[in-house]
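Chemist: Below is the structure, and that's it, no one-letter string:
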C-alpha cells in the first residue's frame, strides 16, 4: 500500500509539472504577441538595477563593510532579491491577482470544476514571460557579486544555495496564496498585496542590519529573510546549519498551513453556480 501511495503521489506531481509546462507554453505564446512589452520591461529592469547599484556604491564609498557584509556579498543579496522578484512577477503575482478577481466576480467555478487539484490549477494558469527579464538581470548581478568574493564558492555552497533559493520561492508563494485566499472574505484584498512591493524592497539588504522588531517582521510575518538573506548566506559561505534547518522547517509548516487555509477558504466560496 505504501509503495502504491508513493507511486500515485509521484504520478500526481508529474501530472502537475506537465500541466504547468502546458500553461507556460500557452502563456508565453500569448505574451509573444506583444513584443514591445519586452523593451519596456528591459528598460524598467535596467533602471531599477542601475539605481540599486548606485545606492550600494554610495554606501560603500563611506565604509568597507556593512554589519560584517562586504560590497560583493551585498551584491549577492541584491541579485537574489531582483531574481526572486522576477519570479514573483512572472508567475506568482499574475496568478494570485487572477484568483482574487475570479473570487470577487464569482468566476472561480471554471477552475474548480476542472479535474485537477484546485490549488495547483489556480497557481499555474498565468505567466508574464517578459517579467523574466528581472530573473536574468538578477542572475547577472548575483554572478558579478560572487565573482568578487574573497573566497571561492564550493560545490556544496552552490547546491545549498539552489536548495534554499527553491525553499525561499515556495515560502513566498505560500505567503501570496495565504493573502490571496482572504478574497473569500474580503472584497478588496489587492490593496493589502500592494503593500508587499514596498516591504519587499527591504530584501535588498541583509536582515541583520535592521532593528530586532523589523528583523522579526520580515522573517516570520513576511518571510523575506528566508527567501533572500538565507540563500545569500548559503552562497557566500556564511550560513550555519541551524538557520538552514529553520528555513526548511518554516517552509514546510507554512506550506501545510497554506494548504489547509486554501481548503478552508474554498468552503466559504459562493460562485456563479451557487
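Modeler: That came in fine, so what should we check first? For clarity, every value in this text was computed on a predicted model and none was experimentally measured.

Chemist: switch to C-alpha atoms for all contacts and neighbour counts from now on
Modeler: Fine.

Chemist: after the strand or helix carrying residue 173 comes which helix or strand?
Modeler: If you go by DSSP states H and E, residue 173 is part of helix 155-180. Once the chain leaves helix 155-180, the next helix or strand it forms, by DSSP H and E, is helix 190-200.

Chemist: May I see the buried residues of that next one?
Modeler: Buried positions in helix 190-200, judged by neighbour count with 16 or more other C-alpha atoms under 10 Å: 190, 193, 200.

Chemist: who's in contact with it?
Modeler: Helix 190-200 is touched from outside by 97, 100, 176, 179-180, 224, with contacts defined as C-alpha atoms under 8 Å, 6 or more residues apart in numbering.

Chemist: Equivalent analysis for stretch 149-161, please.
Modeler: By C-alpha under 8 Å, 6+ apart, the residues outside stretch 149-161 that reach it are 72-73, 146, 231-232, 234-237.

Chemist: Quote the end-to-end distance of it.
Modeler: 15 Å (C-alpha to C-alpha, to the nearest Å).

Chemist: cool, stretch 62-81 as well?
Modeler: Note: stretch 62-81 ends 23 Å apart using C-alpha to C-alpha.

Chemist: for stretch 105-116, same thing?
Modeler: So stretch 105-116: terminal residues 21 Å apart, C-alpha to C-alpha.

Chemist: Now do the buried residues in that stretch.
Modeler: 106-109, 111.

Chemist: Looking at those, which is nearest residue 217?
Modeler: Within the buried residues of stretch 105-116, proximity to residue 217 (C-alpha to C-alpha) peaks at residue 108, which comes in at 32.3 Å.

Chemist: That closest one and residue 99 touch, don't they?
Modeler: Yes - taking contacts as C-alpha atoms under 8 Å, residue 108 lies within contact range of residue 99: 7.3 Å.

Chemist: Next up, the contacts around residue 79.
Modeler: So residue 79 contacts 137-143, 145 (C-alpha under 8 Å, 6+ apart).

Chemist: I'd like those as CSV, with secondary structure and distance to residue 20 appended.
Modeler: Compiled in CSV, those are given as follows (DSSP: H, G, I helix; E, B strand; the rest coil; distance: C-alpha to C-alpha, whole Å):
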residue, secondary structure, distance to residue 20
137, helix, 24
138, helix, 23
139, helix, 23
140, helix, 26
141, helix, 28
142, helix, 27
143, helix, 28
145, helix, 32
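
Chemist: any chance of the residues you listed in CSV, plus distance to residue 266, neighbour count and pLDDT?
Modeler: Formatted as CSV, the contacts of residue 79 follow (distance: C-alpha to C-alpha, whole Å; neighbours: other C-alpha atoms under 10 Å; pLDDT from 0 to 100):
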residue, distance to residue 266, neighbour count, pLDDT
137, 38, 21, 94
138, 36, 26, 94
139, 37, 20, 94
140, 41, 17, 93
141, 41, 23, 94
142, 40, 25, 95
143, 42, 16, 94
145, 44, 21, 93
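
Chemist: quick check, nearest of the residues you listed to residue 268?
Modeler: For those, with residue 268 as the reference and C-alpha to C-alpha as the criterion, the closest is residue 138, at 39.5 Å.

Chemist: The closest one and residue 83: what is the separation?
Modeler: Residue 138 sits 4 Å away from residue 83, going by C-alpha to C-alpha.

Chemist: low-confidence ranges in the stretch 51-200 of the chain?
Modeler: Applying pLDDT under 70 to the stretch 51-200 of the chain flags no residue at all.

Chemist: For stretch 51-61, buried residues please.
Modeler: 53, 56.

Chemist: Residue 64 reaches residue 70, doesn't it?
Modeler: Yes - using C-alpha under 8 Å, residue 64 is in contact with residue 70, at 6.7 Å.
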